[in-house]
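Chemist: Sequence and predicted model, in that order:
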Amino acid sequence: MIKIALPKGRIADETLEIFRKIFALDFQFEDRKLILDEGNFQFLMVRNQDIPTYVTEGAADIGIVGLDVLEEHKVDVVRLLDMRIGQCKVCVGIREQDVLDYTRPELKIATKMPNIARNYFSQKAIALKIIKLYGSIELAPLVGLADAIVDVVETGTTMKQNGLKVAETIMQSSAYLIANKNSFITKKAEILSLYHKIKTQINQK
Ligand code: AMP
């Protein structure tokens, strides 16, 4: 049996759709249930940022998680496959009327991704103050909490609606299939078989 951690929301829905097509089974979570047993699989419904913990700790053999989360948390797992779903970008956002001013003595950046932000700006040799937030990041520059934000942008609507614009793009992201290092040894045949099936299914799209 393979245990699979899925991130709640659209990526979980799209992944289950891929599994339905491959195995012709009804992979569907009952309302509010967090575990789904079907065929040789046990799916776990997990918050996006918690996927690395489930997979590195071995509570799940494999997982689906955004590249942005893998980069932020420097996760020690096997990266198997770019699923080409959940595509987005990690961007620096500022107010429409502003320019990103690298001559400031200190740049205040609001983000839920402090490591990605620190890595990116450290190459530009400016002093940085990270304001760690957990949501509604777009609010920070509007109320003077930060000069800029580092956040995930998908359609760009949220930034636009809040009078912000993308100043710079740090990285492209999409959902990756990852595996626990130990599971990848003990369940190698099963995981690789699944990997090939998913890869074939994705390429048919
Ligand atoms: P959008 O308005 O489509 O650009 O979406 C941006 C908002 O949705 C931001 O507040 C992001 O934090 C959030 N968001 C969009 N895509 C993702 C994603 N793949 N993972 C996490 N958060 C996301």
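Modeler: Received the coordinates, thanks.
Chemist: hey, let's count contacts and neighbours off CA atoms from now on
Modeler: OK.
Chemist: which residues does the residue nearest the centre of the chain bridge with?
Modeler: Central residue check for the chain by C-alpha atoms, centre = their mean: the C-alpha nearest the mean position is that of Gly66, 2.5 Å away. Beta-bridge pairing for Gly66 (DSSP bridges): Ala175.
Chemist: any idea of the pLDDT on it?
Modeler: pLDDT recorded at Gly66 is 96.
Chemist: shouldn't it be in contact with Met171?
Modeler: No: using C-alpha atoms under 8 Å, Gly66 is not in contact with Met171, being 11.7 Å away.
Chemist: distance of the residue nearest to the centre of the chain from Gly156?
Modeler: Note on Gly66: its distance to Gly156, by C-alpha to C-alpha, to the nearest Å, is 18 Å.
Chemist: Repeat that for Leu128.
Modeler: Leu128 is 25 Å from Gly156, by C-alpha to C-alpha.
Chemist: mind listing the strands for the protein?
Modeler: Here the chain has its strands, by DSSP state E, at 2-7, 35-38, 41-46, 62-66, 78-82, 88-95, 106-111, 127-132, 148-153, 164-173, 175-179.
Chemist: same for the third one, what does it pack against?
Modeler: In this structure, strand 41-46 makes packing contacts with strand 2-7, strand 35-38, judged by 3 or more C-alpha pairs under 8 Å, 6 or more residues apart in numbering; DSSP states H and E.
Chemist: can you list the residues of this protein near the ligand?
Modeler: Contacts of the chain with the ligand, taken as C-alpha under 6 Å from any ligand atom, map to Gly86, Cys88, Asp151, Val152, Val153, Glu154, Thr155, Gly156, Thr157, Thr158.
Chemist: Skip the chain neighbours and tell me the closest residue to Gln172.
Modeler: Spatially, and ignoring its direct neighbours in sequence, Gln172 is nearest to Lys89 (4.4 Å; C-alpha to C-alpha, 6 or more residues apart in numbering).
Chemist: residue ranges with poor pLDDT in the chain?
Modeler: 205 (pLDDT under 70).
Chemist: Which helix runs longest in it?
Modeler: Secondary structure of the chain read by DSSP state H shows that its longest helix is helix 188-204.
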